[in-house]
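Undergrad: Compute the structure for the input listed below.
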Amino acid sequence: MSIDRQRIEAVRVVEALGYSYSSGKWTSPAKLQGVTLLSAEGDALHALLVRRADELVGCTEGSDEERELEAITNAIEAYEAVRWPEGKIPGGKD
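TA: Numbers count the residues shown, from 1 in each chain. Purely as a prediction, here's the structure:
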């Protein structure tokens, strides 16, 4: 049950920031289109999504969990492409 509460809270926070979810994709608010926001909150949400994705690995094909994993994976990949465009943390190891 805890993970359900975490997901509900994560969605509430993201929607409060003006993001919307439609057709399997999150969209940033118009006022932020083209603006890169990188913050501790974004990294914390990324970590939460990675943990949830790890829990879903190996789920049943065609299940709700598989659809959730796909949506989470898309969000993680989109965030990482913006957050670490070079594919690594600046100053981090190769």
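
Undergrad: Enumerate the positions of the helix or strand containing residue 80 that are buried.
TA: Element membership for residue 80, per DSSP states H and E: helix 64-83. Along helix 64-83, these residues count as buried under the neighbour rule (16 or more other Cβ atoms under 10 Å): 68-69, 71-72, 75-76, 79. Bear in mind the C-beta positions are built from the backbone N, C-alpha and C, glycine included.

Undergrad: Among these, which has the minimum pLDDT value?
TA: Minimum pLDDT for the buried residues of helix 64-83 is recorded at residue 79 (87).

Undergrad: who touches that one in this structure?
TA: If a contact means Cβ atoms under 8 Å, 6 or more residues apart in numbering, then residue 79 has 42, 46, 49 as its contacts.

Undergrad: what's the closest of these to residue 30?
TA: Nearest to residue 30 out of those is residue 42 (Cβ to Cβ; 18.8 Å).

Undergrad: Does the closest residue in space to residue 76 that isn't next to it in sequence lie in a helix or a strand, and which?
TA: Closest residue in space to residue 76, ignoring its immediate chain neighbours: residue 49 at 5.4 Å, by Cβ to Cβ, 6 or more residues apart in numbering. Secondary-structure assignment from DSSP H and E places residue 49 in helix 40-56.
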